[in-house]
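Peer 1: below are the sequence and a predicted model for it; my questions follow.
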Amino acid sequence: MKRKIRMGMVGGGKGAFIGAVHRMAAALDGQIELVCGAFSSSPEKSKLSGQEFFLAPARVYANYEELISKEKNLPAGERMDFVSIVTPNHVHYGPAKMALDNGFHVICDKPLCFDMQEAYDLDKTVKETGLLFALTHNYTGYPMVKQARAMIKNGDIGTIRKVVVEYPQGWLSTKLEDSDQKQATWRTDPKRSGIAGSMGDIGTHAENLAEYITGLQITELCADLTAFVEGRQLDDDGNVLLRFDNGAKGVLHASQICAGEENDLNIRVYGTKAGLEWHQMEPNTLVVKWLDKSKEILRTGVGNLYPEVQAHARVPAGHPEGYLEAFANIYRNFAFCLQARLDGREPEAIYNDFPTVWDGVRGMNFIQKVVASSNSKEKWVKV
């Protein structure tokens with residue numbers, strides 16, 4: 001195929017943080033071009049956003065329903081190939097469902113949707129349509145996360161016994177939502193965010209990272225959620241004990257009231273032979289702590305790393321690769337798989353690596369069970 005993959009976007013208009021991130025990530029490898037969108041719940045703001053993105057006025061729509069219906073009626077050589085959904089949680093399901101029902105592939109921001117009923121329905125629809133669906137758990141895109149995953153898959157650290165994953169932030173240490181700060185306002189509103197606050201926003205990243213790196217699944221959990229800021233409707237701090245399907249145990253901590261913390265997502269995995277440690281704020285480094293020899297510091301681009309690392313690294317050693325590049329790896333892998341499908345061939349296996357709708361179902365189930373456990377006197381809840 002001798003053209004770029006054509007992307008439409010729902011949400012992410014002028015001034016939207018995550019929309020800009022998605023557009024930069026999609027454009028980074030030159031595989032995808034933005035051709036249309038419904039960028040805001042305000043038709044006027046959507047129009048202004050389209051002008052800023054240099055789109056043809058006829059391809060800038062008032063809402064996602066108009067976007068999908070009109071794009072479907074365009075000739076196959078012009079219409080979008082997929083839609084990227086970058087809205088608050090309560091506006092994930094509608095455009096995703098309609099896009100799939102009308103033959104469009106989907107990339108969606110996390111969490112998957114608003115509740116479990118929507119999650120199961122999207123999973124069913126993806127299976128019925130056979131279309132591609134990617135969920136932007138972007139931290140899985142880091143090269144050294146993929147090194148950790150490959151080492152565990154290949155038995156380098158032995159049988160996993162313990163997993164500790166943390167995501168502390170401090171930006172909601174005060175009642176920021178009262179200042180009409182957009183990101184805080186919808187994330188702390190149960191009508192838009194869902195049943196969880198910090199645990200739904202960043203706890204799902206920690207849950208997904210733990211399952212992605214280890215290849216294990218959480219089977220039971222015991223949770224304690226708190227809203228420390230007076231008057232806040234949803235949790236801003238959570239602590240969860242985990243049990244995995246191989247018998248390993250774990251601890252997950254997610255908080256947005258840890259004063260002074262930025263985005264210190266980190267994970268430690270301990271096996272019978274060694275432990276692994278990775279920090280999102282130092283993403284090019286993976287620490288390997290051996291049981292019977294000195295620890296190793298592995299660096300992106302240096303030494304004999306697994307092919308999964310080389311396939312997802314872009315620059316020479318010593319040049320930092322970060323948040324945007326990790327995001328871009330999801331978009332690029334999705335684009336490669338979609339290109340292969342349009343060409344009638346199988347994609348290279350190493351690029352068939354991005355979170356799917358099922359990861360989204362797992363995340364939504366995690367949110368539901370964490371809230372249920374925190375509200376329960378019995379505590380241990382089967383996942």
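Peer 2: Perfect, I can see it now.
Peer 1: ranges for the strands of the stretch 251-383 of the chain?
Peer 2: 266-271, 274-279, 285-290, 296-299, 381-382 (DSSP state E, counting those that start in this stretch).
Peer 1: now distance to residue 251 and mean pLDDT too, for the ones you listed, in JSON lines please.
Peer 2: For every residue, glycine as well, the C-beta is placed using N, CA and C. Listed next are the strands of the stretch 251-383 of the chain as JSON lines, based on distance: least, C-beta to C-beta, whole Å; pLDDT from 0 to 100:
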{"stretch": "strand 266-271", "distance to residue 251": "10", "mean pLDDT": "98"}
{"stretch": "strand 274-279", "distance to residue 251": "14", "mean pLDDT": "98"}
{"stretch": "strand 285-290", "distance to residue 251": "17", "mean pLDDT": "98"}
{"stretch": "strand 296-299", "distance to residue 251": "24", "mean pLDDT": "97"}
{"stretch": "strand 381-382", "distance to residue 251": "16", "mean pLDDT": "79"}
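Peer 1: for residue 20, which of those is the nearest?
Peer 2: strand 274-279 (24.8 Å; C-beta to C-beta).
Peer 1: helices or strands up against that closest one?
Peer 2: helix 143-153, strand 266-271, strand 285-290 (3 or more C-beta pairs under 8 Å, 6 or more residues apart in numbering; DSSP states H and E).
Peer 1: deepest-packed of these, please.
Peer 2: helix 143-153 (a mean of 23; mean count of other C-beta atoms under 10 Å).
Peer 1: what does that helix contact?
Peer 2: Helix 143-153 is contacted from outside by 139-140, 157, 160, 209, 212-215, 267, 269, 271, 276, 278, 283-286, 288, 298, 300, 305-309, 312-313, 321, 326, 353, using C-beta atoms under 8 Å, 6 or more residues apart in numbering.
Peer 1: quick check, residue 284 in contact with residue 298.
Peer 2: No. Using C-beta atoms under 8 Å, residue 284 is not in contact with residue 298; the gap is 9.2 Å.
Peer 1: on that earlier part again, which stretch among the strands of the stretch 251-383 of the chain comes nearest residue 102?
Peer 2: strand 381-382 (36.8 Å).
Peer 1: okay, now the sheet partners of the closest one, with direction.
Peer 2: Next to strand 381-382 in the sheet, as set by DSSP bridges, lie strand 218-226 (antiparallel).
Peer 1: what's the angle from the next helix or strand after the partner strand to strand 218-226?
Peer 2: With elements assigned by DSSP states H and E, the helix or strand that comes after strand 218-226 is strand 237-244. Strand 237-244 and strand 218-226 meet at an angle of 170 degrees, taking axes from the mean of the first three to the mean of the last three C-alpha atoms, to 10 degrees as the criterion.
Peer 1: how far does strand 237-244 sit from its chain's centre?
Peer 2: Averaging C-alpha coordinates over strand 237-244 and over its chain gives two centres that are 19 Å apart (C-alpha atoms, centre = their mean, to the nearest Å).
Peer 1: which residues are in contact with it?
Peer 2: Contacts of strand 237-244 (C-beta under 8 Å, 6+ apart): 160, 163, 198-199, 203, 210, 214, 216-228, 249-257, 370, 373-374.
Peer 1: give me the low-pLDDT residue ranges for the stretch 1-150 of the chain?
Peer 2: 1 (pLDDT under 70).
Peer 1: can you give me the helices in it?
Peer 2: 17-27, 43-52, 64-72, 93-101, 116-129, 143-153 (DSSP state H, counting those that start in this stretch).
Peer 1: just how off-centre is the top helix by length along the chain within its chain?
Peer 2: Ranked by residue count, the top helix of the chain under DSSP state H comes out as helix 323-343. Distance of helix 323-343 from the chain centroid (C-alpha atoms, centre = their mean) equals 14 Å.
Peer 1: now swap in stretch 315-330 and tell me
Peer 2: 16 Å.
Peer 1: now for residue 296: which residues touch it?
Peer 2: 287-288, 290.
Peer 1: dump these to TSV, plus distance to residue 88.
Peer 2: Output for those, formatted as TSV (distance: C-beta to C-beta, whole Å):
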residue	distance to residue 88
287	36
288	39
290	45
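Peer 1: tell me how this structure divides into domains.
Peer 2: Listed by automatic domain parsing, the domain ranges of the chain are 5-131, 140-317+362-382.
Peer 1: for those, which one sits closest to residue 343?
Peer 2: domain 5-131 (11.6 Å).
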